[in-house]
Each structure stands twice: as C-alpha cells, then as structure tokens.
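Asks: Got a predicted structure here, sequence first:
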Amino acid sequence: MKAIVTVIGKDKPGIIAGVCTLFAKCDVNILDISQTVMQDFFTMSMLVDLSKATVPFTELSDSLKAKGEEMGVNIRIQREDIFDLMHRI
C-alpha cells in the first residue's frame, strides 16, 4: 500500500531528518519527495510505500502527528487510494 504524506509549517533545520528517521524506524520506504520553502514556510509532499511497515497505519499516523507537534509542523498521511478518490470528485 502507498500513502501521501504532507508536512507544512515554519521552516527550520531538521524537519526532513525528523520525518525520515521516523520512517526508517518503521520500515517505511520513501518513493518520491518534493519540498520547497515559500518565504518562511516549509512544505513537503512524499509518496511512501507502506507494504513492509512494521506498525499499523493508524499507529504510524499517530506517530507522525506527534512528531509534527514536537517539531512545530503539521504532518498528515493519507492512503493513496483515499487520496485518489478525493481528487476524482
């Protein structure tokens, strides 16, 4: 299963490292990543592969939310199939 991850917040060092470290601990593979800084705001989108993840989707989602709060950014994850359905309407 694949998922889309978005990260938005004030730019600061360590955002990408924090998210990628969490993924590495959970055996989540990053397939594609795009990030930019618009003025002082950091935005990142990632396509990840969850097929070998060592934690359930809900636990990963909760961990990402907690990591985002710790870093002062908003992190969301959506299953690819749900993301696709939302954008077909």
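Replies: That came through fine. Numbering: from 1, shown residues only.

Asks: Mind listing residues that contact stretch 50-63?
Replies: Contacts to stretch 50-63, defined as Cβ atoms under 8 Å, 6 or more residues apart in numbering, come from residues M1, K2, A3, L22, C26, D27, V28, N29, I77, R79. Yep, even glycine has a C-beta here, placed from its N, CA and C like the rest.

Asks: right, and the helix or strand after the helix ranked longest in the chain?
Replies: Using DSSP state H, we find that the single longest helix of the chain is helix 57-71. Later in the chain than helix 57-71, the nearest helix or strand by DSSP states H and E is strand 73-79.

Asks: and that next one, which strands flank it?
Replies: Using DSSP bridges, the strands paired with strand 73-79 are strand 2-10 (antiparallel).

Asks: Can you tell me which of the contacts of stretch 50-63 are classed as buried?
Replies: Among these, those classed as buried by 16 or more other Cβ atoms under 10 Å are K2, A3, L22, C26, V28, I77.

Asks: Spatially, which two of those residues are the most separated?
Replies: Greatest spatial distance among the buried ones among the contacts of stretch 50-63 (Cβ to Cβ): K2 and L22, at 17.2 Å.

Asks: tally of neighbours for the residue nearest to M46 when sequence neighbours are not counted?
Replies: Spatial nearest neighbour of M46, chain neighbours left out: V5 (4.3 Å); criterion: Cβ to Cβ, 6 or more residues apart in numbering. Neighbour count for V5, taken as other Cβ atoms under 10 Å: 21.
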